[in-house]
Structures are given as structure tokens and as C-alpha cells.
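S.K.: predicted structure and sequence below. I'll ask about it afterward.
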Amino acid sequence: MKRVTNSPEKNENSSPPVEENRFLTRMFSKLRSLLTNSFARFLATKAGFYLVVVFLSLVLVFFIIESMPGDPVAVMLASGNPPPGADIEALAARMREYFGLDKPILERFFIFFGNFFSWNLGPSYHFYPVQVSTIVLYYLPYTLSLAIPVLLVSFFVGNWVGARAAYMRGKLNETSYFILVFCNQLPPFWLGLVIIFIYILLFHGIPPIGAATLGVIPSLSVSYFFELLAHWILPFLTLLIVYVGAWATGMRSMVTHEMDSGYVRYGEQLGFKKSKLMSYAQRNAILPQFTGLNMVFNGIVGQTLIIEIVFGWPGLGLLLYNAVFNYDYPLIFGCFLVIIVIIVIGNFLIDVLYGFIDPRMRTGRG
Amino acid sequence: MIGLAVLVILILLGTVGPFLLGDPYYMDLSLMGRPPSFAHILGTTSFGEDVFTQLCSAIGNSLVVGLVAGGLGTLIAILVGAVGPYRGGLADKISSLATNLALVLPLIPLFIIIASVVRGLNLVLIGVILAVTSWPWAARSIRSQVLTLKEREFVNLARMSGQNSVQIVVTEVLPNMLAYIMMVFVILTGTSILAESALSMIGVSTTRTITLGYMLYWAQHETTVPFWWNIWWWFIPPGIVLTALLTAIFVIHAGMDEVFNPRLREI
């Protein structure tokens, strides 16, 4: 008897490559069916939709920027230092001609978008000879280094905290809920000020504002990395507190709802272990949380831009803010372009993620 | 209940306070940057203005912005979200496409750009701009509600009795969604107050009328004492009030959700 039952087991053990091969082919067929069914069509329509969003919003922003009152040439001249006896009028006229500001708005629209499709956004007005694309790509990593870790860490930590809060009993439950709601409702920009204030009370020093201490030269060394990290941690914490609150309140109510539902009650009566039931409830509660990912991602990018201004972190928010005050039209446009591309790519990735998590999305049923 | 109490207290402070406490812009230059005392409960700013007086009119003005933006935003959301899907066909397609388009737009950079374009910003204008930019998610949720409501029998009856679709939406569908619309209005008000504070704190919104964000802006930028964090009684209170206001709104919304949702499901 024993031998008979043992033999197939042995067979499997002795041939792991076959098993792996089968696994690979299964994954491959899964992938193929994924791409040929309606999920691929779903993604294609989504991608097309997002391209339309980017284009329309860029057109909108172009016309908004163009209708800005005030004269960028006057601002440029005021910030510069023209040589004594220079003919300001002629200088201004020459600059207008050079930057194409003397043409009618529709003509500029077509010139601008013609250049845009060859990834040529022109030089910035304020940082004159430097191209907008160079500046924007220089500032981009700073924004991403805040927004992406905040999104990921707050999602995991927030859901974990929210589930724990849901299992608490009695008074503790109420208090933890109130604390989470409170964290969620804290305005991040003010929390940033408070965190700087607490930092000063604790350490009696100048708070780490900006990306590095004045005079430190950027380099690829370990000490510079720690310098960056020390300046990165405060804005990161600020955003993290608020968004952990946001995820946790949602997760708490979902888990509470699941713990009340029929299958958990049934499992309880069958004598399942509490931890087993908790893991089931969490598994079911987390799916609706994923649908909030889109909205929260958009919110995090927006709040990151403001937090950057509060902490002087040189990301796109600070760049956009300064560009608006300098009447730097191409730079405003470039900032907005990069921000909306971040948002669109993020949303698209989240849509793909839905497809992998929720099979109804994948098959197009439901 | 606690939420409602907090909200009522704040509204009272915002409406009655300014009448009792006098001019919030009055500068007593002999009292620059004094810490809290009996004469000035929350101390004075570095211009010698009374922080508590400023705080009261800031609450009032922030609430005005929130109500304008919330009300107008709800109206836009109803127009796009309720009438569109009810008509069906092209109107539905256009309205849902517009909602989805606007849902992806990043609001804060857009608002920074718009606010720099519009000159002479006042409270109502800011409210209108916020309403124009913040309606999409509300429209989407109202739309999904309308889609479930329009399949109910009483709507079919109304259609059989010969009412046109605008009449049906106004007399049959919307009254059944009133609770839901109230919730949308409450949330939109809260988010608008938060957004206005964020924007006026970085200095792109109004810098003439006191709002909660305006206080934070000046607390950071105009200090006669070196470093803004030394006058802590200037920037801490607006934030606490803002948090209390938003928490109250959230609690009220959660309470409304508990009360109204079972009824909505039953219909």
C-alpha cells in the first residue's frame, strides 16, 4: 500500500524541471489569454482616453497661461540688469520677437504645439538659456521621491492600522477611530508647519528646509545621500500621517462591515480560529480599498506639490510656484505637462492593477 | 452630535465674533508679537493685530468660501450627473466623458495657474473657481445614484403618465436623492475650505481678505521677530480650527451616512 502511494510523490520530486516548465507554460497561456480577451481592449481604450485627457488639458492650460495678465518681458527686464544707456524699448521689442510673444495667440498655439510634439518646449524665460525640458526633468525625481513612497507606505501601513483598529473592543475602538479620523482631517500644509515647530522645540536648531544644507555640493557620495534623506524625512512624515489616516479610516469601516457579515458569523460558530477569520475579513475588505487608489493618488500628487512649497523641497510644486511668480510661460506649461503625465501614468498603472486583482475586470464581465 | 456642536460653535464664532470684537485689521503697533494674555486671548501678531479677532473673521470668511463653492459645485454636479444620464444617448456619453476627463485633472496645479490669471480675487470668485474645479467626483457619484433610481417603478409610472424627462428628474428623482445631495454638499464644502486654505497659505489665493489660510500665510511671511516659529500663537490656532472644522464635517457626514443609507437602499 505504502509503496503505491509513495510512487507518484517520488516521481514529482525527481522531476522538478517538468513542474517548472508546466508552471511557465501555465503563466504564458494565462498571459496570452489576458492579452487577447477584452482586458486588452479595456486597457487600449483607457490608454486612448488618457491621451485625450493629456492633450485637452494641455490645450486648456495653454490658453489659461496665455490669458495671464502682465507682461513677461517687463518682468524679465526688471529682474535683469540692463547696461546704462541701453535702449529699453528696443531691447523689449527684440525679446518679444525672439520669444515669439509678438505673434497672435492662434499662431503661437500652432507653433507651440508643433514644437511640443518634437519634445521641444523652448527655453525658459527666467533661466534663459536652459531648456524647459532639462529643468523639469531635473526637478521631477524630487517630486516622485516624495509621492511614490508616501503612496506605497501609507497604503500598507494604513490598511494594517485600520484592520487592527477594527478588531479593538469597547472604548479603545472609539478612541482609535477618532484618532484616525483626526489624522485624516489634519491639513497637511499646516501639519508641516507644526512638525517644523516640534523639530525646533526638540533640537533647538535650524530645521532641515530645502534639499540640502546651504553650501553642500551635490555629489554621488554616501554623506550627500544622508543629507538628502535628513531633508526628505520631514515632508515624508507629514504626508504619511495624513494618508495613513485616510486609508485606515476606510479599512476600519470595511473590516468592521466584513466581521459582521454572514460567513464570519458562520465561521465563528464552526469554531474557526480568530486569526483565520481575521485574515478572511481582511482579504475581502482590501479589495474596495484598491478602488480608492486612483483618487488618493491624485490627492497625494496635489498635496506633495504644496508640501514642497512649505518645506522648500525642490520638486515640481516649488518650480511651478516660482514659475507662476516669474511669468515664465514655457516653464509653467512644462511643469503642468509633467504633473499631468505623472498622474495619467499612475492612473493607468492602477487600472492595470485592478485587472490583475479583480478577475471581473479582466474578462469584461461585471 | 459632537460634530454638530463643534460646527455650531465655529459658525457662531465666525458670524457673531466679528461684530463683537471689532476691526480684525486694526494694528496696535505698541503690541507687536505679544504672547497670549488676558487682554488678548491668543496674543497679537507681529503687526499688533489681535489673533483671536482675526481668527473669528477668518472662520466666517472661510465658511463663506466653502458654502459658495459647495453650493455651486453641488449644482454643477447635479446638472452633469443627474440630467445627463437620465436623457441617455449622446447627452449621457458627453456628460460621463466630461466627468471622467475632469476627474483626472490635477486640481492644485490647475488652481495655482488659474489663480495667477484672475486678478482681483475675492471670496466669491475663489468659491466659484473652486466649484468649477471640484465637481467631478460628486457628479460621478450622483450619476451612479440616478442610474439606480431611474429603474424604479415610480419613475416608470411618471414616464407613462406623460411627464417629460426634466420634470421627472426634478419631481421624482431628485427628491429621493435629497439626503445624498446634502452629503455631497457637506463634503464639497469641507474640501473647498481645505483647498482654499492650502492655496491662500502659499499665497496664490486672496491676500486681502482674512481666511484661515491667509493667517497661515502672513504668520509665515511677515514676522518682525526673526523666524516665524517664534510666534507660535499665530500659526497654531488657524490650523487647529481648520482641523476641528473638517473633523466636524466628516463626523456629520458619517452620521448622515448611517441615518440615510438604509433608507436609500430600501427605496
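M.R.: Cool, got the structure.
S.K.: make it CA atoms for all contacts and neighbour counts henceforth
M.R.: OK.
S.K.: tell me where the stretch 201-350 of chain A has strands.
M.R.: Per DSSP state E, counting those that start in this stretch, the stretch 201-350 of chain A carries no strands over any range.
S.K.: what are the ranges of the helices in the stretch 101-250 of chain A?
M.R.: Remark: helices assigned in the stretch 101-250 of chain A by DSSP state H, counting those that start in this stretch are A:105-116, A:132-167, A:171-185, A:188-203, A:222-259.
S.K.: least reliable of the ones you listed going by mean pLDDT?
M.R.: Mean pLDDT is lowest for helix A:105-116 among those, at a mean of 80.
S.K.: and the helices in chain B?
M.R.: B:2-21, B:51-78, B:84-87, B:89-104, B:107-117, B:123-134, B:136-149, B:153-160, B:165-168, B:174-176, B:178-201, B:212-221, B:232-266 (DSSP state H).
S.K.: what angle sits between the last one and helix B:51-78?
M.R.: This means helix B:232-266. 30 degrees (axes from the mean of the first three to the mean of the last three Cα atoms, to 10 degrees).
S.K.: ok, B:Val173 - how many residues close by?
M.R.: 21 (other Cα atoms under 10 Å in any protein chain shown).
S.K.: per-residue pLDDT, it?
M.R.: B:Val173 is given a pLDDT of 74.
S.K.: thought it was touching B:Asn156?
M.R.: No: the criterion here is Cα atoms under 8 Å, and B:Val173 misses it with B:Asn156 at 11.1 Å.
S.K.: report pLDDT for B:His40.
M.R.: 69.
S.K.: please apply the same query to B:Gly33.
M.R.: 66.
S.K.: give me every residue in chain A lying close to chain B.
M.R.: Residues of chain A lying close to chain B by Cα under 8 Å from any Cα of the partner chain are A:53, A:57, A:61, A:64-65, A:67-69, A:181-182, A:185-187, A:189-191, A:194, A:197, A:298, A:302-303, A:305-306, A:309-310, A:317, A:320-321, A:324, A:332, A:336, A:339-340, A:343-344.
S.K.: for ChimeraX, what selects the buried ones among these?
M.R.: The buried subset of the residues of chain A next to chain B, as determined by 16 or more other Cα atoms under 10 Å in any protein chain shown, is captured in ChimeraX by this line:
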select /A:53,57,61,64,65,68,181,182,185,186,187,189,190,191,194,197,298,302,303,305,306,309,310,317,320,321,324,332,336,339,340,343,344
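S.K.: quick check, A:Met27 in a helix?
M.R.: Yes: judged by DSSP: H, G, I helix; E, B strand; the rest coil, A:Met27 forms part of a helix.
S.K.: count of neighbours near it?
M.R.: Neighbours around A:Met27, by other Cα under 10 Å: 12.
S.K.: any idea how far it is from B:Leu42?
M.R.: Shown here: A:Met27 relative to B:Leu42, a distance of 66 Å by Cα to Cα, to the nearest Å.
S.K.: tell me the contacts of the residue of the stretch 51-200 of chain B found nearest chain A?
M.R.: The nearest approach of the stretch 51-200 of chain B to chain A comes at B:Val117, 4.4 Å away (Cα to the nearest Cα). With contact set as Cα atoms under 8 Å, 6 or more residues apart in numbering or on different chains, B:Val117 has these partners: A:64-65, A:67-69.
S.K.: nearest to chain B among those residues?
M.R.: For the contacts of B:Val117, the nearest to chain B is A:Met68 (4.4 Å; Cα to the nearest Cα).
S.K.: three-state assignment of the closest one?
M.R.: A:Met68 ends up coil, using three-state DSSP.
S.K.: test my guess that it contacts A:Ile332.
M.R.: No: in this structure A:Met68 lies outside contact range of A:Ile332 using Cα under 8 Å: 11.5 Å.
S.K.: near chain A, which residues of the stretch 101-250 of chain B show up?
M.R.: So far as Cα under 8 Å from any Cα goes, the stretch 101-250 of chain B lies against chain A at B:101, B:104-110, B:112-114, B:116-119, B:194, B:198, B:202, B:216, B:229, B:236, B:239, B:242-243, B:246-247.
S.K.: could you check how far A:Pro123 is from chain B?
M.R.: 20 Å (Cα to the nearest Cα, to the nearest Å).
S.K.: so what's that residue closest to, chain neighbours aside?
M.R.: Leaving out its chain neighbours, the residue that sits closest to A:Pro123 by Cα to Cα, 6 or more residues apart in numbering or on different chains is A:Gln131, at 4.2 Å.
S.K.: which one is the residue of the stretch 151-267 of chain B found nearest chain A nearest to, not counting chain neighbours?
M.R.: Residue nearest to chain A within the stretch 151-267 of chain B: B:Thr243 (5.3 Å; Cα to the nearest Cα). Spatial nearest neighbour of B:Thr243, chain neighbours left out: A:Leu186 (5.3 Å); criterion: Cα to Cα, 6+ apart.
S.K.: just the pLDDT for the one you found.
M.R.: 88.
S.K.: from memory it sits against A:Val242, does it?
M.R.: Yes: look at A:Leu186 against A:Val242 with Cα under 8 Å: they come within range, at 6.4 Å.
S.K.: A:Met251 contacts A:Ile286, correct?
M.R.: Yes: with contacts counted by Cα under 8 Å, A:Met251 reaches A:Ile286, the gap being 7.1 Å.
S.K.: quick one: which of the two has more around it?
M.R.: Legend: neighbour count by other Cα under 10 Å for A:Met251 and A:Ile286, higher for A:Met251 (27 against 16).
S.K.: which residues touch the more buried one?
M.R.: A:Met251 touches A:158-159, A:162-163, A:285-286, A:289, counting by Cα under 8 Å, 6+ apart.
S.K.: which one of those has the most neighbours?
M.R.: A:Gly162 (28 neighbours).
S.K.: now that residue. Nearest residue, chain neighbours left out?
M.R.: In space, A:Gly162 is closest to A:Ala248, 3.9 Å off (Cα to Cα, 6+ apart).
S.K.: what number of residues lie near that neighbour?
M.R.: 30.
S.K.: what do you get for B:Glu151?
M.R.: 10.
S.K.: residue contacts, the residue nearest to B:Thr243?
M.R.: For A:Leu186, counting by Cα under 8 Å, 6+ apart, the contacting residues are A:242, B:242-243.
S.K.: among the residues of the stretch 101-250 of chain B next to chain A, name the buried ones.
M.R.: B:101, B:104-110, B:112-114, B:116-118, B:194, B:198, B:202, B:216, B:229, B:236, B:239, B:242-243, B:246-247.
S.K.: contact partners for B:Arg159?
M.R.: Here B:Arg159 is in contact with B:165, B:168 (Cα under 8 Å, 6+ apart).
S.K.: can you rerun that using 10 Å?
M.R.: B:153, B:165, B:167-168 (Cα atoms under 10 Å, 6 or more residues apart in numbering or on different chains).
S.K.: select only the buried ones of these in ChimeraX?
M.R.: Here is the ChimeraX command that selects the buried residues among the contacts of B:Arg159 (16+ other Cα under 10 Å):
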select /B:165,168
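S.K.: check the contacts of B:Arg159 and tell me the two furthest apart.
M.R.: B:Glu153 and B:Gln167 (16.0 Å; Cα to Cα).
S.K.: and the furthest pair within the contacts of A:Met251?
M.R.: A:Gly158 and A:Ala285 (12.9 Å).
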